[in-house]
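> need a 3D model of the following:
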Amino acid sequence: LGQKREGTEMMIDDEGRILTIGYIVLEAKSVEITDVDGRVIAASVEGYDGNSGFGLLKAFLPLRAHPLLLADSSNIQAQEQLSVVSGLNDIVQQQVFVLERATFAGYWEYLLENAIFTVPAVNVFAGAGLLNGKGELVGIGSLYVQRSFQSSKVPCNMFVPTEVLLPILEDLKRYGKPSNPPKPWLGVTVMEQFGRLLVQRVSRESPAMEAGIKEGDLILKVADRSVKNMEDFFRAV
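The predicted model follows:
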């Protein structure tokens, strides 16, 4: 992603807290927010949740904006019409439809339940806000992906739903991370290939390296449980 990263952020309270996708600000040495008036304001990373991918910032100066209300996204259904707000230089609001609600597994040992996939895909998706018909925030943009739909691959965006955020938001504000234990991390990058899991990369000094796992290995089982894809693998671990 490079040493300089940029994306969209959504202001969620009157104290200057801003919600975005965490990979934009993960391990950042400095963060700057450009508001709608073009002012550049320094901010700090207040919290990060590796399980969901949310990042929480706090501006050092008051922002001239009204915060978005957070809504529970659990009732968002396929075919529902929503809108995406995003922008780096200009703020754009675009109408989208929910393609599906489904589990998303990422090769970086990431498993997200009930992710929101929307069409058409927007180009500026990192940290974009997904709004319901009342203008309430129900998701934060994470990825550009392709999903299978009616025997074809459809370009779409994956949003992390707010239903994952609401139970941990106070912990992020107070402690910088959720109070519940994190998911186990092995340090392997895997890809699905012909019904098997191929190890593409092993992180240095990781549990996987200490266990003797190497690039090019095939992962067939976790304990006595056979695994054929990333979702199987992460659930078994």
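> longest strand of the protein?
What stands out as the longest strand in the chain, according to DSSP state E, is strand 92-106.
> and that strand, average pLDDT?
For strand 92-106, mean pLDDT rounds to 95.
> swap in stretch 60-73?
For stretch 60-73, the per-residue pLDDT averages 93.
> contacts made by it with the rest, please.
Contacts of stretch 60-73 with the rest of the structure, by CB atoms under 8 Å, 6 or more residues apart in numbering, involve 10-14, 16, 18, 33, 35-37, 39, 41-44, 116, 129, 131-132, 134-139, 161-163, 165-166, 169. Bear in mind the C-beta positions are built from the backbone N, C-alpha and C, glycine included.
> please state the offset of it from the chain centre?
Centroid displacement of stretch 60-73 relative to its chain, using CA atoms, centre = their mean, to the nearest Å, is 19 Å.
> can you check stretch 168-181 too?
On the basis of CA atoms, centre = their mean, stretch 168-181 sits 16 Å off its chain's mean C-alpha point.
> kindly report the same for stretch 50-68.
Between the centre of stretch 50-68 and the centre of its chain there are 15 Å (CA atoms, centre = their mean).
> can you give me the end-to-end distance of that stretch?
23 Å (CA to CA, to the nearest Å).
> just stretch 177-186 next, same as before
OK, stretch 177-186 end separation, CA to CA: 20 Å.
> which residues does it contact?
Around stretch 177-186, the neighbours that count as contacts under CB under 8 Å, 6+ apart are 47-51, 109, 111, 168, 171-172, 206-208, 213, 234, 237.
> filter the residues you listed down to just the ones in helices.
Taking DSSP state H, the ones among the contacts of stretch 177-186 that sit in helices are 171-172, 207-208, 234.
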